[in-house]
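Asks: sequence first, then the predicted structure, then my questions.
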Amino acid sequence: MPKYLLVSFETCPWVQRAAIVLREKNIDFEFRHITPDNRPDWFLAISPHKKVPVLRVDDKVSLFESNAIAEFLEETTPAPRLKARSVNGAYANQPTAGAPPVIKLK
């Protein structure tokens, strides 16, 4: 099972999307908060844009941007499925640019 580290500021609203997907998919993860005015060197080394949220996978891969994190988790952890699929297997409700993805909550 992969090891996940989700990094954010305490007040970042965008990290909530990634945290919701991780929790809804019952994925164990570490949630680590950093301060925007004092970003540690380890964070600067794993975040190409120096922004949050960042999902670190197995201490090898860094994913950034909450939409990309949600899409990655949907593809790599198929159950439970949080986005509807059409008959041909593509996402039925693709978000437009800037719109949040459709996430089914319990």
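Replies: Noted; the coordinates are in hand.
Asks: contacting residues for T77?
Replies: Residues counted as contacts of T77 (C-beta atoms under 8 Å, 6 or more residues apart in numbering) are K25, I27. Bear in mind the C-beta positions are built from the backbone N, C-alpha and C, glycine included.
Asks: just checking, S62 touches S47?
Replies: Yes - with contact defined as C-beta atoms under 8 Å, S62 counts as touching S47 (6.5 Å).
Asks: common neighbours of those two, please.
Replies: In contact with both S62 and S47: V54, using C-beta under 8 Å, 6+ apart.
Asks: wait, is R23 part of a helix?
Replies: Yes - R23: assigned to a helix according to DSSP: H, G, I helix; E, B strand; the rest coil.
Asks: what's around it, how many residues?
Replies: Number of residues near R23 (other C-beta atoms under 10 Å) recorded here: 12.
Asks: need the three-state assignment for the closest residue to I46 other than its chain neighbours.
Replies: Among residues not flanking I46 along the chain, S62 sits closest, at 4.5 Å (C-beta to C-beta, 6 or more residues apart in numbering). Following three-state DSSP, S62 is assigned to strand.
Asks: what's near enough to touch S62?
Replies: By C-beta under 8 Å, 6+ apart, S62 lies in contact with I46, S47, P48, V54, L55, R56.
Asks: same thing but 6 Å
Replies: Each residue near S62 by C-beta atoms under 6 Å, 6 or more residues apart in numbering is listed here: I46, V54, R56.
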